[in-house]
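Student: Test case, fold it:
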Amino acid sequence: MQTNDIAGRVFNIVKKFADEKEYEIVDVEYVKEGPNWYLRVYADKERGINIDDCEIISRWLDEKLEEDDFIEHAYILEVSSPGIDRILKQDYEYTKYKGRLVDIKLYKPLNGSKEIQGELLGLENGEIKIKLSDGTIMTVNKKEKAVCRLAVVF
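Tutor: Predicted coordinates:
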């Protein structure tokens, strides 16, 4: 089974549980790093997720995965928060975090830069709209971005 298929299947399994418990499953990754396979589940909830929430999800998911037993490699299960600098992967997140400061990294330079920071205005028709610090509105095609994450300002 392909790694994307495993991640997708795990996402579907844990999403049902998460919805019942009012958690949000942000992302699932199944990746090999060095000699080890990692199954990472990123979860959140309205007021923020804590270590106890991660433990609840991890214990439930571990039991469910043992029952289903469809992952052929030994793996390390990690359940965590997406973090304060969370990567925006799903379209709905561009609405959810509207008004927040974001950092966008591009595959190719746009207006001479591969990195842009600005206030997220949303996503429309595959175009990310942000307002730069000088008030300029910039549009970035979603396919041209390498990553869009919430900015952390100290």
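
Student: Show me where the protein has its helices.
Tutor: 3-20, 51-68, 93-96 (DSSP state H).

Student: For this structure, which segments count as strands?
Tutor: Remark: strands assigned in the chain by DSSP state E are 24-33, 36-44, 75-80, 101-110, 113-124, 127-131, 137-141, 145-150.

Student: out of the ones you listed, nearest to Tyr92?
Tutor: Closest to Tyr92 of these, according to Cβ to Cβ: strand 113-124, at 9.0 Å. Where you see a C-beta, it was placed from the backbone N, CA and C, and this is true even at glycine.

Student: where does this protein dip in pLDDT?
Tutor: Applying pLDDT under 70 to the chain flags residues 1.

Student: That one - how does it break down into domains?
Tutor: 3-80, 93-150 (automatic domain parsing).

Student: quick one: which of those is nearest Arg86?
Tutor: Among these, the nearest to Arg86 by Cβ to Cβ is domain 93-150 (5.4 Å).

Student: Tell me how many other residues surround Pro35.
Tutor: Other residues lying near Pro35 total 5 when counted by other Cβ atoms under 10 Å.

Student: one step back: distance to Arg86 added to the domains of the chain, as JSON lines?
Tutor: Shown next, in JSON lines, are those (distance: least, Cβ to Cβ, whole Å):
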{"stretch": "domain 3-80", "distance to Arg86": "7"}
{"stretch": "domain 93-150", "distance to Arg86": "5"}
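
Student: still on that earlier bit, distance to Asp91 and mean neighbour count added to the strands of the chain, as TSV?
Tutor: Shown next, in TSV, are the strands of the chain (distance: least, Cβ to Cβ, whole Å; neighbours: other Cβ atoms under 10 Å):
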stretch	distance to Asp91	mean neighbour count
strand 24-33	13	17
strand 36-44	16	19
strand 75-80	23	16
strand 101-110	14	15
strand 113-124	6	16
strand 127-131	10	18
strand 137-141	14	14
strand 145-150	11	17
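
Student: Now distance to Ile57 too, for those, in JSON lines please.
Tutor: Converted to JSON lines, the strands of the chain look like this (distance: least, Cβ to Cβ, whole Å):
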{"stretch": "strand 24-33", "distance to Ile57": "8"}
{"stretch": "strand 36-44", "distance to Ile57": "6"}
{"stretch": "strand 75-80", "distance to Ile57": "5"}
{"stretch": "strand 101-110", "distance to Ile57": "27"}
{"stretch": "strand 113-124", "distance to Ile57": "27"}
{"stretch": "strand 127-131", "distance to Ile57": "30"}
{"stretch": "strand 137-141", "distance to Ile57": "33"}
{"stretch": "strand 145-150", "distance to Ile57": "22"}
